[in-house]
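Asks: Fold the stuff below for me.
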Amino acid sequence: MSSKDRIRPYHAGNKTPGQEAADAVSAVLKVAAERDEAQQKKRPQKTQAKWVLPLGINLGAFAVYLLIAPPAWVVMNPIEAAPIEQQTDHMRLAMYMQAMRVDEYREQNGELPAALEDAGSTVPGVEYFMIGANRYELIATIGTEVVRYDSSESANEWVGSDATSKLRGES
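Replies: Below you'll find the predicted structure:
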């Protein structure tokens, strides 16, 4: 049997050995060169729209105007704080409820809580001080006025006679 009579795959041509590998490498290099050439071509930069610069200048000037001389429609009226007397009454109610939590903790556990958080949710701005084993103070400051509750006092008398109606929202 001669070399020409050898059985070859149907796609094999009359190429010399190693030619297929060389063709494959050549094709790969050709594709790589095309990619490099495409990447090196600079894409045209997008031009900025002609209206962007004038718009930016006008908006900047308007912002400076609003900062320097704000018109009446820009100025917001601040919410006025409640009078000190009303704030004090509300703090007394909050301290009353806090005192009830501390007293409930004392009844359940037989001792005062080490910290106000142990008795349940706390009222912001209220400080808790233990005075002895069965006495405590709650202190809050509103403006220049100090609101103080001592557990030796009756909480109902301290907060006032209309505390239940205030808690129910009746007044």
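
Asks: contacts and neighbour counts: CA atoms only from here.
Replies: Fine.

Asks: hang on, residue 139 is in a strand, isn't it?
Replies: Yes - Residue 139 forms part of a strand when assessed by DSSP: H, G, I helix; E, B strand; the rest coil.

Asks: measure it to residue 129 for me?
Replies: Separation of residue 139 from residue 129 (CA to CA, to the nearest Å): 8 Å.

Asks: Now do the shared contacts for these two.
Replies: When CA atoms under 8 Å, 6 or more residues apart in numbering defines a contact, no residue borders residue 139 and residue 129 alike.

Asks: pLDDT weak spots in this structure?
Replies: 1-17, 42-44, 161-171 (pLDDT under 70).

Asks: all strands of it, in order?
Replies: Under the criterion DSSP state E, the chain contains strands at 126-131, 135-142, 145-150.

Asks: will you turn those strands into CSV that also has distance to residue 51 and mean neighbour count?
Replies: Formatted as CSV, these follow (distance: least, CA to CA, whole Å; neighbours: other CA atoms under 10 Å):
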stretch, distance to residue 51, mean neighbour count
strand 126-131, 58, 16
strand 135-142, 55, 16
strand 145-150, 60, 15
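
Asks: right, and these - which one's nearest residue 73?
Replies: strand 135-142 (33.5 Å; CA to CA).

Asks: hmm, back to that, mind putting the strands of the chain into TSV with distance to residue 54?
Replies: Putting those into TSV (distance: least, CA to CA, whole Å) gives the following:
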stretch	distance to residue 54
strand 126-131	56
strand 135-142	52
strand 145-150	56
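
Asks: tell me, which helix in this protein spans the most residues?
Replies: When the chain is parsed with DSSP state H, its longest helix is helix 84-109.

Asks: Now do the buried residues in that one.
Replies: 88-89, 91-99, 101-103, 105 (16 or more other CA atoms under 10 Å).

Asks: residues in contact with stretch 29-46?
Replies: Residues external to stretch 29-46 that are found in contact with it (CA under 8 Å, 6+ apart): none.

Asks: And it, how far out from the chain middle?
Replies: The chain centroid and the centroid of stretch 29-46 are separated by 45 Å, computed with CA atoms, centre = their mean, to the nearest Å.
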